[in-house]
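>>> whatever this is, show me its structure:
(2 chains)
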Amino acid sequence: AQKVTQAQTEISVVEKEDVTLDCVYETRDTTYYLFWYKQPPSGELVFLIRRNSFDEQNEISGRYSWNFQKSTSSFNFTITASQVVDSAVYFCALSDETGRRALTFGSGTRLQVQP
Amino acid sequence: ETGVTQSPTHLIKTRGQQVTLRCSSQSGHNTVSWYQQALGQGPQFIFQYYREEENGRGNFPPRFSGLQFPNYSSELNVNALELDDSALYLCASSSRFGGRGDTQYFGPGTRLTVL
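Coordinates of the predicted model:
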């Protein structure tokens, strides 16, 4: 069975601070995909990144960066110089190897960025 | 490019009633997945439709059923509503075997309240 753990329930930072959201996953599949989604108060899940299991290169997109470490089954997400607009719930998700690619989500981390 | 749309936005029903939620997939996408998100939790996979057939189901009872139409839009039906069915229902579309693969893009959700 697949499992995603986001141990940080809620994080509060002051604007311009850097913040890292942790994600640990469990799977028996050798091929899998990891995702991060952002859920603002409006409720819609916004896709941020997809990473496959055989590509361990870290990725940077503007103020966002992701660190994938297969050895520790972690896929952490860092926001540099946080802004108030980053306030949201962030979900890490894992998809299975079958054709349907059903997503298994973590319980989410609520990020509050104070001005 | 039109994103994923869902209707209605909000819905209030009483226990025992039946409800139908609707989803229009993003243009170019042929697969629709449905998720249930209870308050404070991550989304849970209900089922997925591909080529108008159910293509995998999560741990949900048969009173949760669905349809996919030739234009790839989809419906989620829930019979004999229970109080625990109160949740945000999210629809996601994706393109199986497409260029970007299986990234799921989510709609804004339908908030269902069962009294």
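>>> just the residues contacting stretch B:91-108, thanks.
For stretch B:91-108, the surrounding residues in contact (CB atoms under 8 Å, 6 or more residues apart in numbering or on different chains) are A:33, A:35, A:37, A:42-47, A:50, A:95, A:99, A:101, A:103, B:3-6, B:9, B:21, B:23, B:25-26, B:28-35, B:50, B:72, B:74, B:76, B:90, B:109. The way it works is simple: take the backbone N, C-alpha and C, and place the C-beta from them, glycine included.
>>> ok, now with 6 Å
A:44-45, A:47, A:50, A:101, B:4-6, B:23, B:25-26, B:29, B:31-34, B:90 (CB atoms under 6 Å, 6 or more residues apart in numbering or on different chains).
>>> gap between it and the chain center?
13 Å (CA atoms, centre = their mean, to the nearest Å).
>>> what about it, average pLDDT?
Per-region confidence: stretch B:91-108 scores 80 on mean pLDDT.
>>> ok, stretch A:60-73 next?
Mean predicted confidence for stretch A:60-73 is 94.
>>> low-confidence ranges in chain A?
A:97-100 (pLDDT under 70).
>>> nearest to chain B: which residue in it?
Across chain A, the shortest distance to chain B (CB to the nearest CB) belongs to A:Phe105, at 3.3 Å.
>>> can you tell me the closest non-neighbouring residue to that residue?
Of all residues not flanking A:Phe105 in the chain, B:Gly42 sits nearest, at 3.3 Å (CB to CB, 6 or more residues apart in numbering or on different chains).
>>> near chain B, which residues of chain A show up?
Taking CB under 6 Å from any CB of the partner chain as the contact definition, chain A meets chain B at A:43-45, A:47, A:50, A:91, A:100-102, A:105-108.
>>> all strands of chain B, in order?
Here chain B has its strands, by DSSP state E, at B:5-7, B:10-13, B:19-24, B:31-37, B:44-50, B:53-57, B:64-68, B:74-78, B:87-94, B:105-106, B:110-114.
>>> before we move on, the earlier item: just the buried ones from the contacts of stretch B:91-108?
Neighbour counting with 16 or more other CB atoms under 10 Å in any protein chain shown marks A:44-45, A:50, A:101, B:4, B:6, B:23, B:25-26, B:29, B:31-34, B:90 as buried within those.
>>> what is the least confident helix or strand in chain B?
For chain B, using mean pLDDT, DSSP states H and E, the weakest element among its helices and strands is strand B:53-57, scoring a mean of 90.
>>> what sits against the closest residue to chain A within chain B?
Here the residue of chain B nearest chain A is B:Gly42; by CB to the nearest CB that distance is 3.3 Å. For B:Gly42, the contacting residues are A:91, A:105-108, by CB under 6 Å, 6+ apart.
>>> how about the nearest residue to B:Tyr89, chain neighbours excluded?
Leaving out its chain neighbours, B:Tyr89 is closest to B:Thr110 (CB to CB, 6+ apart), at 4.8 Å.
>>> please tell me how far the one you found sits from B:Thr5.
Separation of B:Thr110 from B:Thr5 (CB to CB, to the nearest Å): 11 Å.
>>> nearest the geometric middle of chain B, what residue?
B:Trp34 (3.0 Å; CA atoms, centre = their mean).
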